[in-house]
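J.: need a structure here:
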Amino acid sequence: MPLYLCVDCGGSKAAAVIADETGNPVARALGGPSNFAYLGLEPFVAVVKETVEKALKACIDLAGPLTLPPPAGQSYLAAAWFGVSGCDSPQAIADMTPALEALLGVRPRVANDTHLLAAPMTLYPDVTGAVAIVAGTGGIVVSFREAVHKETGEKAGLDELGRCGGWGWILGDEGGGFHVGREAIRQVLDEADRASVKPKTAEVSKPWGLRQRILARFGISDVYELLTIVHKPDPAPISPTTSAPGDLVPMSAMSREKRLSSLSPLVFAAAFADGDPLALSVLRATSSALVDQICVLLRAEGQEAGEGERRIRAAESILCMGGSLSGVEAYRKLIVDELARRGHVFRRVQVVDDAAAVGAKALTVMKT
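T.: Below you'll find the predicted structure:
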């Protein structure tokens, strides 16, 4: 039975899915962090080896032990596709591909992990382009069109057209969790600044909303104490065995980046559970900034494509959304509604919550 492997290599984990020739997943496995830029080649390949071996052992029954590389001249796989975070240049792809081919016995497709988000484009005959957006801790927007073999006319994967963002938390990450947290702090401080020149009146403290949730999270009562906490230098690294999990981690133990990105759940709760206008304003600002980037990659619906045009039309394309913030329906609606307000209505919109499975299914369609 032909087997098709897709591995979504991210900063927190590697997720491998093996599908049969119909695109049905027959095995899954998880591995360790696999951002290529952070790890370097040898540690990256080691994570891939361990993860893929686990997936193969779950669907292949051999008399002897199953290990990679496979026996000389053989492969357990018909094709493989890797979407790799930290893979941002042709040189990175050139470095990874031979090493992965030697490991698997088949030459894989290797690309940035946003390519996996755009994989649904290959599954729908009514779309010719895709915009993949990541709205998680960080954010990035990438556009694609379907590649076609000139000789056969068969589907040949994805051609990346353009990209916006993905510059990291210091320079951008519009629409992602860090941006949401930073914008929340900015708007809370801005509200306090504006109140400073108004006539002093007895303040009515509401037991809900963004301001109250943030102050409680930091354990403070004065808004301007946020300036000290946010700008406080990163702490010395601490042992994972001594740190508290999740929301219990004290702010003093967090990096500056995490102090802000960890606030995004509070913003969503204040906006969609409390109905706080300030929190809704924050999310409108961050979603609008993400839409700004999407629009860079689109051309107007009535605008014809000129020679060398690399922008695509929303009406002919699919919007593929990934990342934890994209999983929040109300936030997605802010993005889609703002796109429509600007004249860009996508033919399809799809949330991709299992990129490796979608990529494996798409690989069975492309087959080359």
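J.: okay, CA-based contacts and neighbour counts for the rest of this
T.: OK.
J.: Can you name the residues that contact Glu174?
T.: Gly138, Gly139, Ile140, Gly165, Thr286, Ser287, Ala289, Leu290 (CA atoms under 8 Å, 6 or more residues apart in numbering).
J.: if we go to 10 Å?
T.: 134-135, 137-141, 164-168, 180, 285-293 (CA atoms under 10 Å, 6 or more residues apart in numbering).
J.: Equivalent analysis for Arg107, please.
T.: Applying CA under 10 Å, 6+ apart, the residues near Arg107 are Leu77, Ala78, Ala79, Ala80, Trp81, Thr97, Pro98, Ala99, Leu100, Glu101.
J.: looking at it, the third one is touching Ala362, isn't it?
T.: Right, the one you point to is Ala79. No: Ala79 lies out of contact with Ala362 (CA atoms under 10 Å); the separation is 11.2 Å.
J.: joint contacts of these two?
T.: Tyr4, Cys6.
J.: Flag every buried residue along stretch 119-137.
T.: Buried positions in stretch 119-137, judged by neighbour count with 16 or more other CA atoms under 10 Å: 119-122, 127-137.
J.: Now the terminal residues of it, how far apart.
T.: By CA to CA, to the nearest Å, the extent of stretch 119-137 from end to end equals 22 Å.
J.: can you give me how far that stretch is from the chain middle?
T.: 13 Å (CA atoms, centre = their mean, to the nearest Å).
J.: now stretch 40-54
T.: 21 Å.
J.: Output it as PDB, restricted to C-alpha atoms.
T.: Provided in PDB are the C-alpha atoms of stretch 40-54 (Å, rounded to 0.1, in the frame of the first residue of the first chain):
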ATOM      1  CA  GLY A  40      20.300  23.500  13.100                       C
ATOM      2  CA  LEU A  41      20.500  20.600  10.700                       C
ATOM      3  CA  GLU A  42      21.700  17.600  12.700                       C
ATOM      4  CA  PRO A  43      19.300  18.100  15.700                       C
ATOM      5  CA  PHE A  44      16.500  18.800  13.300                       C
ATOM      6  CA  VAL A  45      17.000  15.600  11.400                       C
ATOM      7  CA  ALA A  46      17.300  13.700  14.700                       C
ATOM      8  CA  VAL A  47      13.800  14.900  15.800                       C
ATOM      9  CA  VAL A  48      12.400  14.000  12.400                       C
ATOM     10  CA  LYS A  49      13.900  10.500  12.500                       C
ATOM     11  CA  GLU A  50      12.400   9.800  15.900                       C
ATOM     12  CA  THR A  51       9.000  11.100  15.000                       C
ATOM     13  CA  VAL A  52       8.700   9.400  11.600                       C
ATOM     14  CA  GLU A  53       9.900   6.100  12.900                       C
ATOM     15  CA  LYS A  54       7.100   6.200  15.500                       C
END
